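>>> Sequence below, structure please.
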Amino acid sequence: MSRPLVRLAIGRLLGLLPMALLVIFVSFLVMRAVPGGPFDQARTLSPAVRANLEHRYGLDRPPTVQFTRYLGAVVSGDFGESLSHPGRSVAGLLAEGAGVSARIGGGALLLALVLGVPLGLAAARGTPGCGLAIATGLATPTFVLGPLLVLVFALKLRWLPVTGDDGRPLALVLPIVTLALVPLAEIARLTRAGASDVLDSAFVRAARCRGLGEWTVLVHYVLAPALRPVLAYLGPLAAAVLTGSLVVERLFVLPGSGAYLIDGALARDYPLVLGATLAYLGLILVCMLLADLLGAWLDPALSRAQDRS
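Reported below is the predicted structural model:
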């Protein structure tokens, strides 16, 4: 990695630290502000037992003390013990679901990139139907597409399983496709916008005048600048994929990290919710950093593409 990219990475990391602290602080306040507590569902607990449990987990201390202690534990790599899963660490619970969430989110993002970029280039060329396909993808919510795919491909055609929790690779097809549709359409829209800005530029016209084929021009001269808006939006797009995975995991009964986050929120499991929030925040920040680095690395590629003319 070149020195400018290293400096960029260090600068981005230093700039993201205050954001991470703010997210931790806001999440901590929101969880404490929500009515109810982690032991309210246990109706049979006596006041003495409840007091002992709150003392064990430090919930009887002032909020400032709780936040300071939690922040210190997080810095040392300790996310605490789950309140709704006694004896289980938050890190262990999240690690169990991380593999499923990673396969779904990574597969959806990869599928969106592989299909979205060619679709955007085809739409920029004016290929019939591409614009309608992009608009349809952007307008179709995940909670509508998922049941529709299950109805057609699982219940009617019986090609794929209804849920994704049976251990077979095919079980993840419907969740990945469901999660990938909106990002795919968004990537196609951004690629079309980026390609449209350079299709009539001087260096593209010069390449066409040299007798190069249309797809050769698109790949070697238009693709690099067309990807710039995609890379600029890749961080927020990855965040949208991760957020959408919560709905998809619940819809397809998948044992992912999102399921623990939702169950922990319903049970007022403060350490589990905060740990899951930090895990998603870390993934989002990493995606944003990689997007910035890819965008910086792409600038020389764009300059070389223009120099070829």
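
>>> pLDDT wise, what is Gln306 at?
According to the prediction, Gln306 has pLDDT 44.

>>> same check, this time on Arg32
Arg32 is given a pLDDT of 77.

>>> how much space between the spatially most distant residue from the centre of the chain and His55?
Computed with C-alpha atoms, centre = their mean, the residue of the chain farthest from its C-alpha average is Ala48, at 43.0 Å. Between Ala48 and His55 the computed distance is 11 Å (C-beta to C-beta, to the nearest Å). C-beta here means a position set from N, CA and C on the backbone, and glycine is covered the same way.

>>> helix or strand for Trp159, which one?
Following DSSP states H and E, one finds Trp159 outside all helices and strands.

>>> contacting residues for Thr163?
Ala171, Phe252, Val253, Leu254 (C-beta atoms under 8 Å, 6 or more residues apart in numbering).

>>> how many other residues sit next to the third one?
Put plainly, it is Val253. A count of nearby residues for Val253, using other C-beta atoms under 10 Å, gives 13.

>>> helix/strand/coil for the closest residue to it other than its chain neighbours?
Using C-beta to C-beta, 6 or more residues apart in numbering and skipping the chain neighbours, the partner closest in space to Val253 is Thr163 (4.3 Å). The local conformation at Thr163, judged by DSSP: H, G, I helix; E, B strand; the rest coil, is coil.

>>> what phi and what psi does the backbone show at Gly146?
phi -60, psi -60 (degrees, to the nearest 10).

>>> no, scratch that, I was asking about Gly99
Residue torsions, per degrees, to the nearest 10, at Gly99 are phi -60, psi -40.

>>> Can you give me the distance of it to Trp297?
29 Å.

>>> about what we covered before: wait, which of the contacts of Thr163 is closest to Ala124?
Phe252 (34.1 Å; C-beta to C-beta).

>>> Roughly how far does that closest one sit from Val74?
According to C-beta to C-beta, Phe252 stands 31 Å off from Val74.

>>> Pro86 too?
For Pro86, the distance to Val74 - C-beta to C-beta - is 21 Å.

>>> Between those two, which is the more surrounded one?
Shown here are Pro86 and Val74; by other C-beta under 10 Å, Val74 has more neighbours (16 against 8).

>>> tell me the contacts of the more buried one?
Ile24, Leu278 are the contacts of Val74 under C-beta under 8 Å, 6+ apart.

>>> Model confidence at it, what's the number?
If you check Val74, the pLDDT there is 83.

>>> Shouldn't it be within a helix?
Yes: counting by three-state DSSP, Val74 falls inside a helix.

>>> show me where the chain has helices.
3-33, 47-56, 63-75, 90-124, 130-139, 142-149, 173-198, 202-209, 214-217, 223-232, 234-251, 257-266, 270-307 (DSSP state H).
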